[in-house]
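**Student:** kindly generate the corresponding structure for this input.
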Amino acid sequence: MSSKILYTLTDEAPMLATYSFLPIVQAYASQAGVDVETRDISLSGRILAAFADLLPEDQRVSDDLAELGELAKTPSANIIKLPNISASVPQLKAAIAELQQKGYALPDYPSDAESEEDKDILARYDSVKGSAVNPVLREGNSDRRAPESVKGYARRNPHSMGAWSADSKTQVATMGANDFFSNEKSFVLPAADTLTIQHVAQDGTVTPLKEGLAVLEGEVVDGTFMSAKALDEFLVEQVARAKELDVLFSAHLKATMMKVSDPIIFGHVVRAYFKDVYDQYGETLLAAGLDGTNGLAAVLAGLDSLEGGAEIRAAFDKALQDGPRLAMVNSDKGITGLHVPSDIIIDASMPAMIRTSGHMWGPKGEEDDALAVIPDSSYAGIYEAVIADCKEHGAYDPTTMGSVPNVGLMAQKAEEYGSHDKTFLVPSAGQVQIVDSSGQVLLSHDVEAGDIWRACQTKDAPIRDWVKLAVTRARATGDPAVFWLDENRAHDAALIGKINEYLKDHDTEGLDISIMAPADATKHSVERIREGKNTISVTGNVLRDYNTDLFPILELGTSAKMLSVVPLMNGGGLFETGAGGSAPKHVQQLESEDYLRWDSLGEFLALAESFRHLGESTDNARAIILADALDRATGTLLNENKSPARRVGQIDNRGSHFYLALFWAEELAKQTEDPELAAKFTDLAQRLRADEQTISEELIAVQGKPADIGGYYRPDEAKASAVMRPSATFNAALETISA
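**Tutor:** Prediction:
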C-alpha cells in the first residue's frame, strides 16, 4: 500500500497557511519514508479544470478533485482536506474576473443562458458553485470531536462568553407550515430503478425536470417544497415584528451549501424587507434581474445602469431608515446581512450570536438583541432550544461544560447537500412528481409558480455505516449516543425504521443509544453540558454541519479546533482540518499588514491522524511515531500559548508553525522507540531551540506593512511563498532535515 499523503491546496487563509506549514510537513514526513503531495481543489483550480478542454494548452490544469474523488473509493486513500470556498455567485464572478485579469481565456459567467454555448458555460460554472468539493470526497461518514489536548486547554484558558439575561428579546422565527419540513414526503426503493422528476402543468403539459435519476435498492428518496406565497407572508410579518420589538432583523440561511434553494429564499428576504420599494419599482427591478437573489449589494450596483436609478436608490435608503434595524456584517462599511448571500451563514452566525449574549451588531456599531429569521423549520428548533436554555440558566461555562461530539451521515452525497441537482423553481401551477421507470407516480405535490421544490437521496450503505460508526463511538467513549431524528418528518421516519433494524446487527449491550427529535435532543444535550457530561449527537448531513459549529463555538470558541475524521467506507481515510471556514477577513488583514491570524491547529490534529492511519495501514512504525510526537507537540503548543494572537507585533500563523516544528522535533529527539529517528531530529531540535529568538524576530519583523501575494483567488506561488516563509534562519534549518 502506498506511503503517500495527499494534502489539498484550497483557498483564502488555509491556503496561505499551507505555504508556511507544508514545507515542515514534507521535511518531517520524509524521515519516515512518507511522500506528501499536493492536489489543487481551490475555487480557481476547479474553475480552470472545468474549462480545461477550452483553454490554451499552457493554461490547462488537471482535475485534481475528480482524481481525489476516485481515490477516496480505494483502501489506499489518505487525504488531508483543508477548508475551501463554497462559492456563491458573487464569489464565483470575482474569481472568474481575477483569472481573466491574469490572462486565462475564460468566458464570462452568463447571467441569461439562452444559446447552447451559454448553457454549456453555465453548466460548467454551476458545477463549481456551492459545496462542490465535499460531496465528491466524502465516501465515508463523519466523526468530529474535540481532542483531549484541545478540551483541556479550553478549560484552563476559557474563551469569552457573553452574559445572558432572562429578559433578552432575542428569538428565532420560523415558518412551521408550508415549508420544507411540513411538506416532505418520503419512500424507500424496493429495488434499483431509474426515476424521473417532472412538472405537470394544469393543462396537462408534462415537462421533465430531471431524468435518469439512478437509485439503488433500499435507498431513501424524499420530495418536498416551500410555498413562495407562504414564505412571503411569513417574511413580511417578521420584518414588522422586528420593528415592533425594536430588535435587529437578521436572516440566517446557507446559500453556499443549499446553492439553489437558499439564494432563492434570500431573494425573498430582500424583497420582503424592501416590500414598499418592490411594490413601487418591482417591474423595473425584476426586468433588470435585480430580484435580490444575489443580495442587496448586487441590486444597488445594478441601479447605476437603470433609468430612474437614483430615484430607486433613494427609495432603498428610505426603506432602510424606516424599517427595522438590520444586523450588520460590517457596520463601519455599511454592509448589512442582506448585502451578500454568503456573508451570513447559519451554522456560523447563530452560534456566534448565542455566544455573544444573543446579540448581533447593528447599523451604528451597537450590540443588540436580534430576531433570527430561519424560514424552514426543519432545524430552527435546535437554536430555539439553546436560546431558551440560555435565557433560563445563563451562559455556558467553558471551564466546566461537557461536549457534544458528532457522528454525521454524509457518505455518497447523503441528504440535502446532494440535492442541488434536484432543486427547482416551479415554473407554473400544477404538480411536481417523482415517477419510476414504469411511469408509476411515487410521490407528488400540488405547487404554484415560484414555489421551491426539492428532492434528496440517501443510499442504504451509508446509513448502515453511520449506525455502525455511532455504535463504535458509543462503545469507545462510554457516552450516550442520540440519533437526532423526528418521527413526524417523513425522511426521518424512514431512517428511524432502518436504524432500529440495523442496530440489531451490533452488540449494544450496556450502551445508551436513543432517538429524539432535534429540539428534544438539543434540550437533553445542553442539560448534560451544564453537568459537564458528553453526549454524542448522531445526525444527518445538515445537522452534522450545524452541530459541529454550534457546540464547539460555545465550548471552545471556534469550530476550527475539532478533530474531523472521515473513515472512508472502503478502508481509506479522509482527514478534515476543522469546520472553521476559510476566513476571508484573515486574508484581508495579511494583505494590509502582513499578519495572518489563521490558526492551523486543525491541520496539526488532522495530520497526526493521517500519519497514524498510514502507519497502521502500511505497517510504517515511523509514521506512528511521527503521529504520537505531533500530538504531544500540539499539546505543548497549546500549553505554552504559541497559537496565533490577533495583533501585529505578536506571534501569527507563521510563528505558530515554527513553534510546532520546534516542539515536534524535540518530541522526536527524545522518543526511545527509534534511536536512529531520534538522532535525525536531535540536531534540528537543538538548532531550532538555539535560534528561537532570531527566528521569532525575523517572523515578526515583516509585520505591519502591506503584503503582496499576487492574487486573492489564485496567488502567485513565488510571492505567496516569500510572504509566508520570511525567516531565512528557519528555512535553512529545515533544509538540513530535508537533505
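**Student:** so which bits of stretch 347-359 are buried?
**Tutor:** By neighbour count with 16 or more other Cβ atoms under 10 Å, stretch 347-359 contains the buried residues 347-351, 353-359. Any C-beta I mention is one placed from the backbone N, CA and C, and that applies to glycine too.
**Student:** ignore what I typed, I meant stretch 590-606.
**Tutor:** Residues of stretch 590-606 classed as buried: 590-591, 593-606 (neighbour count, 16+ other Cβ under 10 Å).
**Student:** equivalent analysis for stretch 98-106, please.
**Tutor:** For stretch 98-106, the neighbour count (16+ other Cβ under 10 Å) marks 98-99, 104, 106 as buried.
**Student:** tell me how far that stretch is from the chain's mean position?
**Tutor:** Counting by Cα atoms, centre = their mean, to the nearest Å, stretch 98-106 is centred 27 Å from the centre of its parent chain.
**Student:** ends of that stretch, what's the gap?
**Tutor:** 10 Å (Cα to Cα, to the nearest Å).
**Student:** what about that stretch, average pLDDT?
**Tutor:** Average pLDDT, stretch 98-106: 96.
**Student:** can I assume Ile121 is in contact with Glu114?
**Tutor:** No. Judged on Cβ atoms under 8 Å, Ile121 makes no contact with Glu114 at a distance of 11.6 Å.
**Student:** neighbour count for these two, which is higher?
**Tutor:** Counted by other Cβ atoms under 10 Å, Ile121 and Glu114 do not tie: Ile121 has more neighbours, with 20 against 8.
**Student:** so which strand or helix has that one?
**Tutor:** Using DSSP states H and E, the element containing Ile121 is helix 116-126.
**Student:** residues contacting that helix, please?
**Tutor:** Helix 116-126 is contacted by residues 47, 50-51, 92, 96, 107, 109-110, 112-113 when judged by Cβ atoms under 8 Å, 6 or more residues apart in numbering.
**Student:** which one of those sits in the busiest neighbourhood?
**Tutor:** For the contacts of helix 116-126, the largest neighbour count, defined by other Cβ under 10 Å, is 24 neighbours, found at Ile47.
**Student:** look up the pLDDT of that residue for me, please.
**Tutor:** What the model reports as pLDDT for Ile47 is 97.
**Student:** that's a strand at it, yeah?
**Tutor:** No. If the criterion is DSSP: H, G, I helix; E, B strand; the rest coil, then Ile47 is helix and not within a strand.
**Student:** does it touch Ala94 like I think?
**Tutor:** No. Between Ile47 and Ala94 there is no contact under Cβ under 8 Å: 11.1 Å.
**Student:** what's the neighbour count on Lys210?
**Tutor:** Neighbour number of Lys210 under other Cβ under 10 Å is 15.
**Student:** coming back round to it: so which bits of the helix holding Ile121 are buried?
**Tutor:** 118, 121-122, 124-126.
**Student:** go on, stretch 517-535?
**Tutor:** Under 16+ other Cβ under 10 Å, the buried positions of stretch 517-535 are 517-526, 528-529, 534-535.
**Student:** now pLDDT too, for those, in JSON lines please.
**Tutor:** Converted to JSON lines, the buried residues of stretch 517-535 look like this (pLDDT from 0 to 100):
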{"residue": "Ala517", "pLDDT": "98"}
{"residue": "Pro518", "pLDDT": "98"}
{"residue": "Ala519", "pLDDT": "98"}
{"residue": "Asp520", "pLDDT": "98"}
{"residue": "Ala521", "pLDDT": "98"}
{"residue": "Thr522", "pLDDT": "98"}
{"residue": "Lys523", "pLDDT": "98"}
{"residue": "His524", "pLDDT": "98"}
{"residue": "Ser525", "pLDDT": "98"}
{"residue": "Val526", "pLDDT": "98"}
{"residue": "Arg528", "pLDDT": "98"}
{"residue": "Ile529", "pLDDT": "97"}
{"residue": "Asn534", "pLDDT": "97"}
{"residue": "Thr535", "pLDDT": "98"}
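**Student:** which helices and strands does whatever helix or strand Leu630 lives in pack with?
**Tutor:** Here Leu630 sits within helix 621-639, counting by DSSP H and E. Helix 621-639 is packed against helix 148-156, helix 601-618, helix 653-670, with contacts defined by 3 or more Cβ pairs under 8 Å, 6 or more residues apart in numbering; DSSP states H and E.
**Student:** what residue ranges in the protein score low on pLDDT?
**Tutor:** 1-2, 416-419, 578-580, 739 (pLDDT under 70).
**Student:** domains for it, by residue range?
**Tutor:** Domains of the chain are assigned by automatic domain parsing as 4-139+568-738, 171-180+227-393, 181-224+425-454.
**Student:** got TSV for these, with distance to Glu148 too?
**Tutor:** Putting these into TSV (distance: least, Cβ to Cβ, whole Å) gives the following:
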stretch	distance to Glu148
domain 4-139+568-738	9
domain 171-180+227-393	22
domain 181-224+425-454	36
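**Student:** closest to Phe551 out of those domains?
**Tutor:** With Cβ to Cβ as the criterion, Phe551 lies closest to domain 171-180+227-393 of these, at 8.0 Å.
**Student:** can you tell me the closest non-neighbouring residue to Gln31?
**Tutor:** Lys680 (5.5 Å; Cβ to Cβ, 6 or more residues apart in numbering).
**Student:** how much space separates Arg473 from His506?
**Tutor:** Separation of Arg473 from His506 (Cβ to Cβ, to the nearest Å) stands at 12 Å.
**Student:** so the closest residue to Lys670 other than its chain neighbours, which of the three states?
**Tutor:** For Lys670, ignoring the flanking residues on the chain, the nearest one in space by Cβ to Cβ, 6+ apart is Ala678 at 6.9 Å. Put simply, Ala678 is helix when judged by three-state DSSP.
**Student:** contact partners for Ala678?
**Tutor:** Counting by Cβ under 8 Å, 6+ apart, Ala678 has contacts 668-672.
**Student:** neighbour count and distance to Leu614 for those - can I get that in JSON lines?
**Tutor:** Output for the contacts of Ala678, formatted as JSON lines (neighbours: other Cβ atoms under 10 Å; distance: Cβ to Cβ, whole Å):
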{"residue": "Leu668", "neighbour count": "28", "distance to Leu614": "16"}
{"residue": "Ala669", "neighbour count": "18", "distance to Leu614": "22"}
{"residue": "Lys670", "neighbour count": "13", "distance to Leu614": "23"}
{"residue": "Gln671", "neighbour count": "17", "distance to Leu614": "18"}
{"residue": "Thr672", "neighbour count": "6", "distance to Leu614": "22"}
